[in-house]
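Engineer: Any chance you could fold what I've pasted below:
(one chain, ligands or ions: 1)
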Amino acid sequence: MQIEYSRIVKWFRYNHPNKMDRLWDSLSPNQIIGKQWLVNSLQNVQIPRDENGQFRIEIVGGWYGYPLIDLLMTEYPGQIKEIDIFELDEFATKVIYRYSQIFGHTNVRIFHQDYFTYQETRRTHMVINTSCEHMWDMSHNKECYESPDRTLLVLQSNNKRDEIEHINCVDSCQELLEKNELSEIHGDWKRMNQGTPDKFIRFMVMGKWK
Ligand SMILES: C[S@@+](CC[C@H](N)C(=O)[O-])C[C@H]1O[C@@H](n2cnc3c(N)ncnc32)[C@H](O)[C@@H]1O
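Structural biologist: Just a heads-up that it's a prediction; the model follows:
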């Protein structure tokens, strides 16, 4: 285990002992598998970049932000200009802030707000949302981007409809693509929690807005 994760465990234990179970959930095998799968799959696509070869990322519904941010920073050292992370839950934004301090990630900006209410026009090279099952389709925000057809979207959702917060599940990569008005560059799916009654499928698509 990296020392940084040991430090966040210590911070939780002393400051938020009643939330330790949420920390463990955010670092569960499913979480690690899902985020590692995403970062490995980025090898199959070309991430758009600026004239200096760097790129900006937005993460939507990022929960505690890590391990995803750690995996991205490790995979693309010096290439990530900025990561903007949108998260509704105030406590989660505190955790992201603490993690980013511990890791020394000074280029992470945290937005404590609903992604769909942030209507600034902007240029972002890649938008990642691994929580699509929790919210509206991303196409609602398409007009906020200067070049939607040059923005890479990386989306994950699932068919786990037995959770009350899962308001926008899908049954295929095709459905996830169509709902979000994307043309496909890469799509894949994975069975999660195999061998348990709680099994479900996670879908991932990477594409650009049509
Ligand atoms: C509990 S996490 C689930 C993570 C997902 N299953 C995964 O593996 O990455 C979903 C997060 O999305 C956040 N969220 C939901 N709707 C949002 C929105 N419209 N804008 C920003 N964050 C949102 C919630 O606050 C929550 O922290």
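Engineer: Run through the neighbouring helices and strands of the helix or strand of the chain at the bottom of the mean pLDDT ranking.
Structural biologist: Least confident element among the helices and strands of the chain, by mean pLDDT, DSSP states H and E: strand 182-192 (a mean of 93). Applying 3 or more Cβ pairs under 8 Å, 6 or more residues apart in numbering; DSSP states H and E, we find strand 182-192 packed against helix 29-41, strand 152-158, helix 173-179, strand 200-209. For every residue, glycine as well, the C-beta is placed using N, CA and C.
Engineer: Skipping its backbone neighbours, what lies nearest the residue of the chain found nearest the ligand in space?
Structural biologist: Across the chain, the shortest distance to the ligand (Cβ to the nearest ligand atom) belongs to residue 61, at 2.9 Å. Sequence neighbours aside, residue 131 is the residue nearest to residue 61 in space, at 3.4 Å (criterion: Cβ to Cβ, 6 or more residues apart in numbering).
Engineer: neighbours around that neighbour, how many?
Structural biologist: Neighbours of residue 131 under the rule other Cβ atoms under 10 Å: 21.
Engineer: Tell me which helix or strand residue 5 sits in.
Structural biologist: According to DSSP states H and E, residue 5 maps onto helix 3-15.
Engineer: Can I get the helices and strands packed on strand 182-192 in JSON lines including distance to residue 71 and mean pLDDT?
Structural biologist: Formatted as JSON lines, those follow (distance: least, Cβ to Cβ, whole Å; pLDDT from 0 to 100):
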{"stretch": "helix 29-41", "distance to residue 71": "5", "mean pLDDT": "96"}
{"stretch": "strand 152-158", "distance to residue 71": "13", "mean pLDDT": "98"}
{"stretch": "helix 173-179", "distance to residue 71": "21", "mean pLDDT": "96"}
{"stretch": "strand 200-209", "distance to residue 71": "14", "mean pLDDT": "96"}
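Engineer: Between those, which one is closest to residue 108.
Structural biologist: Using Cβ to Cβ as the measure, helix 29-41 is the one of the helices and strands packed on strand 182-192 that comes nearest residue 108, at 15.6 Å.
Engineer: Which elements pack onto the closest one?
Structural biologist: Using 3+ Cβ pairs under 8 Å, 6+ apart: helix 29-41 touches helix 68-75, strand 152-158, strand 182-192, strand 200-209.
Engineer: okay, the ones you listed, which one's buried deepest?
Structural biologist: Most buried of the helices and strands packed on helix 29-41, by mean neighbour count (mean count of other Cβ atoms under 10 Å): strand 152-158, with a mean of 25.
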